[in-house]
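> could you look at this predicted model? Sequence included:
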Amino acid sequence: MNFEKEIETALISNNALIYICTEEEERLEYILKHRIHHMFQGKICSWNFIDGYTDNPNYISKCIQNPLEALNTTTKYNNKKTKVFFLKDFHVFLQDISISRKLKNLYKYLSKNNQYIILSGAKITLPIELREYIIYLQMPLPNKQEILIEINRFLYKKSIDKLKYKETICMAYTGFSINRIRKSLSKIILNNISKNQIIENILQEKEKIIQTTEGLKFYSSNNNILEVGGLQHLKHWLKIRNLAFTQKANSYGIKRPKGILIVGIQGTGKSLSAKTISNIWKIPLFRLDVSKIFASILGESENRIEKVINTCEKNSPCILWIDEIDKIFSEYSTNNDSGTKQRVTNIFLTWLSEKKQEVFIVATANTINQLPIEILRKGRFDEIFFIDLPNFKARLKIFQIHLKTFRPMTWNKYNIYYLSKISKGFSGAEIEQSIIDAMYTGFYNNREFTTIDIKNAIKIIVPLSKIERKKILGLRRWGYSGKIKIA
């Protein structure tokens, strides 16, 4: 059901008091005027704290800075065409006993006279005593159709090939308000930004918006190819779900994938896998920083995790990357947090099971010991993958990838077969570090680094597989127990 239909249903169901949560006041007013005219062939009367009533010459500037009188005035209107009163920013007054009492008193009068009061505000703040009287609606951000209307106007001005760019621009603007879209498009037109830079410009603006959400970091999907050595099973799983978030998949009836949990030894490419999925699927990636979710103020942590969830849903389809999810259940598991950690966990786990928006979760963990059993059961994630230390073939590929990055023209001069053979037990991160150490040696001696330099670096590095031998053996036994998939 679209938002306009929701409003219409609420009105014809004789809901005299309606509260709509939104930050897009101008867009809401436009929608209301359109629906009220369509339903009642009438007008709405708008009020705000500074200007009072503004839509009726008999009551122009009436009830300035007086919300109680604004409510009283609704019973004095003699204009039969006025069926709906739209009171803006009213969430700040709802805690006032005189306001809440007046709204309850008005309920019967409005119902009897087929009149309606629509309150708007930017926060969900309905007092308990009003919940039986006021119906709550939340206005979503612009849908694809609304975004396309704005883009079509822009494409007409820029004379850009509509078929090639329209869908891509529309996807980039997901999560923007209409006002932000218009400002962004105006900036593109005024600055004469080239068509090749339009998407990049939009994504830069999206990153600024996401930064206002505590605990989220934005990574745009781009054309850079990120290679991961090995992980054939994981790559195959992702490949056959590459088009899962397209309209074609939706028409086919495919159920959207929920997410994956990747467990493995540190430095084996878990984090890189999350970025690679974003690039392969061409959808934006958000990284959840759990350390910024928990706050000392009571209730603030819960508000932050809900805002993170809300931001992800507004920007769907997207990927939410939760790095080292096992730390959520260890670092914040103290008994003196007044139950904050448990409440945050419950909010998140409930959302994982019930989410309907196209938000794909990529959670990584170094161990499963701290993870509660409910997060491991089917339904939270589509699959759990175990990433082991790279075998010889994977190490060969990892050396190739890193040497191609550092020395794209001369990488094949290095004996990667020999280096892969002597680096058994090394993670991908430790292989990269051996190359970096070799580069320092070559640079210090004012020459190019060699295979011998990398070999010497490998001999000096003590891999984690030796330092934490018992822990890693236990993790590998669990990984190959047959309970989960090998990546």
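Thanks, I have the structure now. Numbering: from 1, shown residues only.
> element containing the residue positioned nearest the centre of the chain, please.
With distances taken as CA atoms, centre = their mean, the residue of the chain nearest its centroid is residue 312 (2.0 Å). Taking DSSP states H and E as the criterion, residue 312 maps to helix 300-314.
> for residue 286, grab phi and psi.
phi -120, psi 130 (degrees, to the nearest 10).
> so where is the stretch 151-300 of the chain shaky, pLDDT-wise?
Low-confidence segments of the stretch 151-300 of the chain, defined by pLDDT under 70, span residues 155-165, 195-196, 220-230, 295-299.
> ok, residue 29 to residue 9 distance?
Separation of residue 29 from residue 9 (CB to CB, to the nearest Å): 19 Å. All C-beta atoms are positioned from the backbone trio N, CA, C, and that covers glycine.
> go on, residue 431?
From residue 431 to residue 9 the distance is 60 Å (CB to CB).
> which residues touch residue 6?
With contact taken as CB atoms under 8 Å, 6 or more residues apart in numbering, residue 6 is in contact with residue 137.
> that one sits in which helix or strand?
Following DSSP H and E, one finds residue 6 within helix 3-12.
> go through that helix and flag the buried ones.
3, 6-8, 10-11 (16 or more other CB atoms under 10 Å).
> check what contacts the helix holding residue 312 and list those residues.
140-141, 174-175, 210, 213-216, 286, 288, 292-295, 318, 320, 340, 343-344, 347-348, 351, 355, 357, 359.
> likewise for stretch 100-107?
Contacts of stretch 100-107 (CB under 8 Å, 6+ apart): 16-17, 68, 71-72, 74-75, 94, 117, 127, 129-130, 133-134.
> would you mark the buried spots in the helix holding residue 312?
Those would be 301-302, 304-305, 307-309, 311-314, for helix 300-314 by 16+ other CB under 10 Å.
> for residue 364, which residues are in contact?
261-264, 270-271, 273-274, 321-325.
> can you pull the phi/psi pair for it?
Torsion angles, degrees, to the nearest 10, at residue 364: phi -120, psi 150.
> so that it lines up with my notes, have the first residue be 10 from now on.
Happy to do that; since the first residue is 10 now, the last one works out to residue 373.
> what about the nearest residue to it once chain neighbours are set aside, neighbour count?
Nearest non-adjacent residue to residue 373, counting by CB to CB, 6 or more residues apart in numbering: residue 279, 4.0 Å away. Around residue 279 sit 26 other residues, with neighbours defined as other CB atoms under 10 Å.
> wait, residue 279 touches residue 273, no?
Yes. Look at residue 279 against residue 273 with CB atoms under 8 Å: they come within range, at 5.5 Å.
> give the residues shared as contacts by these two.
Taking CB under 8 Å, 6+ apart as the contact rule, residue 279 and residue 273 both touch 373, 396.
> tell me the pLDDT of the nearest residue to residue 99 once chain neighbours are set aside.
In space, and not counting its chain neighbours, residue 99 is closest to residue 128: 4.0 Å by CB to CB, 6+ apart. On the pLDDT scale, residue 128 is placed at 93.
> so residue 214 is in contact with residue 189, correct?
Yes. Using CB under 8 Å, residue 214 makes contact with residue 189 at a distance of 7.5 Å.
> picking up where we left off before, could you dump the contacts of stretch 109-116 to a markdown table with neighbour count, distance to residue 398 and secondary structure?
As requested, the contacts of stretch 109-116 are arranged in a markdown table below (neighbours: other CB atoms under 10 Å; distance: CB to CB, whole Å; DSSP: H, G, I helix; E, B strand; the rest coil):
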| residue | neighbour count | distance to residue 398 | secondary structure |
| --- | --- | --- | --- |
| 25 | 21 | 66 | coil |
| 26 | 18 | 62 | strand |
| 77 | 14 | 70 | helix |
| 80 | 23 | 69 | helix |
| 81 | 14 | 74 | helix |
| 83 | 22 | 71 | coil |
| 84 | 12 | 75 | coil |
| 103 | 20 | 58 | coil |
| 126 | 23 | 65 | strand |
| 136 | 14 | 57 | coil |
| 138 | 13 | 61 | helix |
| 139 | 21 | 59 | helix |
| 142 | 17 | 62 | coil |
| 143 | 20 | 58 | strand |
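> what's the farthest-apart pair in these?
The span of these, defined through CB to CB, is set by 84 and 136 at 22.0 Å.
> so where's the stretch 310-459 of the chain uncertain?
337-347, 387-388.
> and the helices in it?
349-363, 382-385, 401-415, 425-431, 437-453 (DSSP state H, counting those that start in this stretch).
> next, format those helices as CSV and append distance to residue 288.
Below are the helices of the stretch 310-459 of the chain laid out as CSV (distance: least, CB to CB, whole Å):
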stretch, distance to residue 288
helix 349-363, 24
helix 382-385, 27
helix 401-415, 14
helix 425-431, 24
helix 437-453, 17
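> can I get those in TSV including mean neighbour count and distance to residue 470?
Below are these laid out as TSV (neighbours: other CB atoms under 10 Å; distance: least, CB to CB, whole Å):
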stretch	mean neighbour count	distance to residue 470
helix 349-363	16	37
helix 382-385	14	33
helix 401-415	19	14
helix 425-431	16	11
helix 437-453	18	6
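> out of these, nearest to residue 243?
Distance to residue 243, taken as CB to CB, is lowest for helix 401-415 among the helices of the stretch 310-459 of the chain, at 11.9 Å.
> now do the strands in the stretch 210-359 of the chain.
225-228, 268-273, 294-297, 327-331 (DSSP state E, counting those that start in this stretch).
> mind checking those for the one nearest to residue 391?
Residue 391 sits nearest to strand 268-273 of all the strands of the stretch 210-359 of the chain, at 6.1 Å, using CB to CB.
> circling back to that earlier point, where's the residue nearest to the centre of the chain relative to residue 360, distance?
Relative to residue 360, and taking CB to CB, residue 321 is found at 9 Å.
> got it, and residue 425?
44 Å.
> with residue 278 instead?
For residue 278, the distance to residue 360 - CB to CB - is 27 Å.
> same deal with residue 349?
Taken as CB to CB, the span from residue 349 to residue 360 is 17 Å.
> ditto for residue 493
23 Å.
> contacts only, for residue 183.
150, 156, 323-326.
> pretty sure residue 489 is touching residue 495, no?
Yes. Between residue 489 and residue 495 there is a contact at 7.2 Å, judged by CB under 8 Å.
> distance from the chain centre to the host helix or strand of residue 190, please.
Element membership of residue 190, judged by DSSP H and E, is helix 187-199. Offset of helix 187-199 from its chain centre (CA atoms, centre = their mean, to the nearest Å): 22 Å.
> what sits up against that helix?
33, 35-36, 151, 155-156, 159-160, 162-163, 166-167, 182, 185, 202, 207, 210-211, 214, 218.
> switch the cut-off to 10 Å
Residues from elsewhere that reach helix 187-199 (CB atoms under 10 Å, 6 or more residues apart in numbering): 32-36, 39, 150-151, 155-156, 158-160, 162-164, 166-167, 178-179, 181-182, 185-186, 202-204, 206-207, 210-211, 213-215, 218.
> from what I can see residue 128 touches residue 98, true?
Yes. Using CB atoms under 10 Å as the test, residue 128 is close enough to residue 98 to be in contact (9.0 Å).
> what is in contact with the two at once?
Joint contacts of residue 128 and residue 98 (CB under 10 Å, 6+ apart) do not exist.
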